[in-house]
Each structure stands twice: as structure tokens, then as C-alpha cells.
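[1] show me how the following folds:
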Amino acid sequence: MEFPDFLAGYVRIQVSGDACERFFNLCAYHRLKLWRLLPEAEAYTACISVRDFRKLKTLVKKSHVRLRITERHGLPFFIRKYRRRRLWVLGFLAAVWLLLWLGAHVWRITLNGNVRQTSPPAKESPPPRYDLDSHHYCHCWLHHPSVEAKKGKVKLV
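    Prediction:
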């Protein structure tokens with residue numbers, strides 16, 4: 001089972017009768033995807049998508065087999081099961097959305113001391129020096145007509 005199969009929904013069917021092989025050959029001819037095909041005592045079980053299951057009616061009549069749904073899986077069946085509990089589903093979707101949204105943000109990073117090894121005290125670093133050639137300096141006001149900048153010195157006009 002793959003994720004797209006879960007979204008579209010799939011059913012587990014039991015095929016019984018005298019011409020099961022003919023039924024499977026007809027399914028292959030019409031390009032219907034069956035998976036987890038397992039033989040049982042007098043029948044076969046397989047999984048098929050809901051879309052392909054709707055195409056089986058004529059094939060069942062041609063091959064004279066009996067078809068029975070044993071399990072239903074996927075999103076369409078989940079929605080049908082919980083359609084009367086809309087607030088529960090809405091709350092679940094809101095919780096998933098909130099978890100994804102909050103997980104996209106860094107909340108806090110805290111580094112607390114060096115407990116096992118002591119290190120010498122850090123020297124105080126001098127304050128950063130800003131001049132006109134520095135990349136840290138905001139140069140957007142230099143283009144104003146009342147400011148002249150010459151060789152690292154700013155003169156207001």
C-alpha cells in the first residue's frame with residue numbers, strides 16, 4: 001500500500017468460484033491493479049482501489065465468480081465513518097496544523113554555563129568600530145542630498 005492508495009481508498013476483496021483465474025486474466029487485460037493477491041482454502045483475497053473496484057461488475061458477470069468486500073481502508077472510508085463528528089475532525093486538523101506551524105519556528109536557544117570544565121574568564125572585547133567602508137554600516141542615509149561623505153568622514157550640509 002502506498003500513500004496515494006490510502007488517499008483514494010482501497011478495499012480488500014475475496015474472490016470465490018470456479019473461474020477465479022479467468023477473473024484475474026480479465027482484470028489484467030483491462031489494466032486493473034490488484035495487489036496482495038493471496039490464495040486461501042477455496043478463494044483468493046486481493047486489494048484493489050475504489051476506482052478500479054467500480055469497474056469490476058461486468059468482469060464478475062463474465063467470469064461467474066462471487067466477489068465479497070472483506071475490509072475497507074483509506075481516506076474516503078475514514079471520512080464516511082467520522083462524518084457526524086465534524087468538530088472532532090476539525091480539532092484534529094487544527095492540532096496538526098498548529099503542530100506544523102509551531103515546529104517551523106525556533107522558540108528559544110539557551111546555553112547555560114560550563115559545568116564540568118572551568119575556563120579562564122573571557123576578555124572584554126573593544127566595541128565594534130564603524131566607518132563608511134564597513135559592511136555593518138547602514139549606508140542608506142549617505143545618498144541623502146544634505147550629506148557629503150569624503151574619505152571616511154561624514155559632513156552634514
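[2] residues of stretch 68-86 that come out buried?
    73-74 (16 or more other C-beta atoms under 10 Å). To be clear about C-beta, it is placed using only N, CA and C from the backbone, and glycine gets the same treatment.
[3] contacts only, for residue 50.
    8-11, 74, 76 (C-beta atoms under 8 Å, 6 or more residues apart in numbering).
[4] which of the residues you listed fall in strands?
    10-11 (DSSP state E).
[5] closest to residue 88 among the contacts of residue 50?
    Of all these, residue 76 has the smallest distance to residue 88: 17.7 Å, by C-beta to C-beta.
[6] which among the contacts of residue 50 gets closest to residue 68?
    The closest of the contacts of residue 50, once distances to residue 68 are taken by C-beta to C-beta, is residue 11, at 10.1 Å.
[7] before we move on, the earlier item: I'd like the contacts of residue 50 written out as CSV, with distance to residue 90 added.
    CSV is the format used below for those (distance: C-beta to C-beta, whole Å):
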residue, distance to residue 90
8, 23
9, 21
10, 26
11, 27
74, 20
76, 18
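[8] and the gap between the residue nearest the centre of the chain and residue 88?
    Against the mean C-alpha coordinate of the chain, by C-alpha atoms, centre = their mean, the closest residue is residue 3 at 9.8 Å. Going from residue 3 to residue 88 by C-beta to C-beta, to the nearest Å gives 23 Å.
[9] and what of residue 80?
    The spacing between residue 80 and residue 88, counted by C-beta to C-beta, is 14 Å.
[10] with adjacent residues omitted, what lies nearest to residue 88?
    Nearest non-adjacent residue to residue 88, counting by C-beta to C-beta, 6 or more residues apart in numbering: residue 82, 6.7 Å away.
[11] surely the one you found touches residue 89?
    Yes. Between residue 82 and residue 89 there is a contact at 5.5 Å, judged by C-beta atoms under 8 Å.
[12] gap between the residue nearest to the centre of the chain and residue 75?
    For residue 3, the distance to residue 75 - C-beta to C-beta - is 10 Å.
[13] count the neighbours of the closest residue to residue 53 other than its chain neighbours for me.
    Computed as C-beta to C-beta, 6+ apart, the closest residue to residue 53 that is not its neighbour in sequence is residue 11, at 5.6 Å. Using other C-beta atoms under 10 Å, residue 11 is surrounded by 18 other residues.
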